[in-house]
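[1] sharing a sequence plus its predicted fold:
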Amino acid sequence: MELQYGADRLGKRYDADMQKFRENRLGAFIHWGLYAIPGGEWDGKIYNGAAEWLKAWAKVSVKDWLQLIKQWNPQKFDAKKWAKMAKDMGVRYVKITTKHHEGFCLWPSKFTEYTVANSPYKKDILGELVKAYNEAGIDVHFYFSVMDWSHPDWRSNIKTKEDEAAFQRFLTFTDNQLKELATRYPTVKDFWFDGTWDESIKKNGWWTAHVERMLKELLPGVTINSRLRADDYGKRHFDSNGHLMGDYESAYERRLPDPVKDLRVTKWDWEACMTIPENQWGYHKDWSLSYVKNPVEVLERIVHAVSMGGNMVVNFGPQADGDFRNEEKELAKVIGKWMQKNGECIYACDYAGWEKQDWGYYTRKKNCVYMIVFNRPYSQQLAIKVPKETQITKATLLNGEKLEVIETARNEYNVGVPKQDFHEPFVIRLEIKSSKETANKYHEALT
Ligand code: H76
């Protein structure tokens, strides 16, 4: 099918910027905006829906919601501390909400009055964060919600001539904000679009193709998520010919791709993102209202994503005062300690192509296959099935300590579990060799 606004490219990007995006593997999300002030509570009532959507749950008018700007004064905000926390956690990039659905901008945008510049705090939060993260060697990605509840010209659908005119003005406003972000903060590595699911955007697929091209002209190498995109027929993420639009699939939100059905995900780049509670992105004052994942559960999702050839972004919702809640600080520390020891099996690693086993996950980097053991077997044997013509030549812990490897059958091995109990998931590094000369010492079954 002939498409004007479909995928700009077929297959993965292999340039240095995309390679960096991919090799980073672990990121943090920051959801910070006016919603951090009420923290899920409006007029004395606590709403359990996502805190950054409180305006919708509590049916607050635009005018009343934006009054919160008068209270935006995060006295404890210290970009350097945020960068240190990210660094200590081992994340290689941070995705920051420049503007969420509410419309409040963390940078002093010239195109709206609803920005940090008009708050008591005044300072350019985004600018400080970009600088601090970059100084710590951390890439910055911009989250940007196209849907903007604060803007009178936003439309979720287009039903009249008037809607059409308003929405075209809105798209121009959005272009202006995006150009502003790209030029004020030229070290930004990625734009992650959200709030693009409405009919109005689907009817303007041309505009999403235009945004992708515009940003790539302004910032060569920048990466862009699939969620931005709609094609000529309003088909989203994948165009009407089934080709991924943008640079990586970003639909995996609070879920991972199906390890069996979706293993074709390794055919394109993808990034998943997750919340620590069930579904809170912005700060919510009461985390007891839903299940909160423990650090090993978060770690397992990170490892699982990388084992399927994707990236994982763990979300944080800072408090209105600019500090992080203790649960998040604690979790970042635990993940960081583990990454410090075991990061070798995450950064720059990919899908190994080996059959998954019950003890955990494989990742791979060149001739090393990593086993990340989440379930330590009572048999003391970690069973492995290798693809044809693959041999394991050595198994060690990451500290170099050797482990016993036994070839148990054709293309099957056991690695003995290490003597020590790590009290956490641990990693075994396998060195492998591919060759066709496997001695034919196995008997074929007569069936
Ligand atoms: C729905 C929705 C939004 N997408 C997530 C990444 C959060 O920003 C949530 O508010």
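    Now that the structure is in, tell me what you want to look at.
[2] so what's the residue of the stretch 301-447 of the chain found nearest the ligand closest to, chain neighbours aside?
    Taking Cβ to the nearest ligand atom as the measure, the stretch 301-447 of the chain has residue 315 as its residue closest to the ligand, at 7.6 Å. Yep, even glycine has a C-beta here, placed from its N, CA and C like the rest. Spatial nearest neighbour of residue 315, excluding adjacent residues (Cβ to Cβ, 6 or more residues apart in numbering): residue 29 at 4.0 Å.
[3] that neighbour in helix, strand or coil?
    strand (DSSP: H, G, I helix; E, B strand; the rest coil).
[4] which other residues reach the helix or strand hosting residue 415?
    Using DSSP states H and E, residue 415 falls within strand 412-416. Strand 412-416 is contacted by residues 371, 380-386, 392, 395, 403-408, 428, 430 when judged by Cβ atoms under 8 Å, 6 or more residues apart in numbering.
[5] helix or strand: which one has residue 140?
    Counting by DSSP H and E, residue 140 is part of strand 139-145.
[6] strand partners (parallel or antiparallel) of that strand?
    Neighbouring strands of strand 139-145 in its sheet, by DSSP bridges, are strand 93-99 (parallel), strand 190-194 (parallel).
[7] just say helix, strand or coil for the closest residue to residue 50 other than its chain neighbours.
    Excluding the flanking residues, the one nearest residue 50 by Cβ to Cβ, 6+ apart is residue 279, at 5.4 Å. On the three-state scheme (three-state DSSP), residue 279 is labelled coil.
[8] enumerate every residue touching the residue nearest to residue 55 when sequence neighbours are not counted.
    Take residue 55 and drop its neighbours on the chain: the residue closest to it by Cβ to Cβ, 6+ apart is residue 65, 4.7 Å away. Residue 65 is in contact with 34, 55, 102, 149-150, counting by Cβ under 8 Å, 6+ apart.
[9] and residue 65, that one's in a strand?
    No. According to three-state DSSP, residue 65 belongs to no strand; its state is helix.
[10] could you check the pLDDT of residue 442?
    pLDDT, residue 442: 81.
[11] please spell out the segments of the protein that come in under the pLDDT threshold.
    259-262, 437-440 (pLDDT under 70).
[12] how about a cut-off of 90?
    Along the chain, the model assigns pLDDT under 90 to residues 257-267, 434-447.
[13] hang on, the earlier thing: the residue of the stretch 301-447 of the chain closest to the ligand and residue 277, how far apart?
    9 Å (Cβ to Cβ, to the nearest Å).
[14] let's verify residue 393: helix, strand, or coil?
    Classified using three-state DSSP, residue 393 is strand.
[15] isn't it up against residue 435?
    No. Using Cβ atoms under 8 Å, residue 393 is not in contact with residue 435, being 10.5 Å away.
[16] who touches both of those two?
    Common contacts of residue 393 and residue 435 (Cβ under 8 Å, 6+ apart): none found.
[17] one step back: out of the strands paired with strand 139-145, which is the most enclosed?
    strand 93-99 (a mean of 26; mean count of other Cβ atoms under 10 Å).
[18] by residue count, what's the longest helix in the protein?
    For the chain, the longest helix by residue count, based on DSSP state H, is helix 161-184.
[19] need the contact partners of that helix.
    98-99, 105, 107, 109-112, 127, 142, 144, 146, 148, 151-155, 157-158, 188, 191, 200, 204, 207, 211, 214-215, 218-219, 222.
[20] rewinding a little: can you give me phi and psi for the residue nearest to residue 50?
    Backbone torsions of residue 279, given as degrees, to the nearest 10, read phi -150, psi 60.
[21] OK, contacts around residue 325?
    By Cβ under 8 Å, 6+ apart, the neighbours of residue 325 are 283, 287, 317, 319.
[22] then residue 136?
    83-84, 86-87.
[23] about what we covered before: the strand holding residue 140 vs the ligand: in contact?
    No. Strand 139-145 is not in contact with the ligand by Cβ under 6 Å from any ligand atom; minimum separation 7.0 Å.
[24] quick one: distance of that strand to the chain centre.
    Centroid separation for strand 139-145 versus its chain: 10 Å, with Cα atoms, centre = their mean, to the nearest Å.
[25] got the angle between it and helix 161-184?
    Relative orientation of strand 139-145 versus helix 161-184 (axes from the mean of the first three to the mean of the last three Cα atoms, to 10 degrees): 170 degrees.
[26] check contacts around residue 401.
    residue 418 are the contacts of residue 401 under Cβ under 8 Å, 6+ apart.
[27] pull the most distant pair out of the contacts of residue 65.
    Greatest spacing in the contacts of residue 65, by Cβ to Cβ: 34 and 149 (10.9 Å).
[28] now residue 436, nearest residue through space, not along the chain?
    residue 389 (5.4 Å).
[29] which residues of the stretch 251-400 of the chain lie near the ligand?
    253, 281.
[30] get me the contact residues on the stretch 101-250 of the chain for the ligand.
    residue 194.
[31] residue in the stretch 101-250 of the chain nearest to the ligand?
    residue 194 (4.9 Å).
[32] quick one: stretch 326-341 to chain centroid distance?
    So, by Cα atoms, centre = their mean, the centroid of stretch 326-341 is 17 Å from its chain's centroid.
[33] likewise stretch 427-438?
    Using Cα atoms, centre = their mean, the offset of stretch 427-438 from its chain centre is 31 Å.
[34] which residues touch the closest residue to the ligand within the stretch 251-400 of the chain?
    Distance from the ligand to each residue of the stretch 251-400 of the chain (Cβ to the nearest ligand atom) is smallest for residue 281, at 4.3 Å. Residue 281 is in contact with 29, 31, 50-52, 275, 315, 317, counting by Cβ under 8 Å, 6+ apart.
[35] might one say that the residue of the stretch 101-250 of the chain closest to the ligand is in contact with residue 146?
    Yes. Contact status for residue 194 versus residue 146: in contact at 7.3 Å, counting by Cβ under 8 Å.
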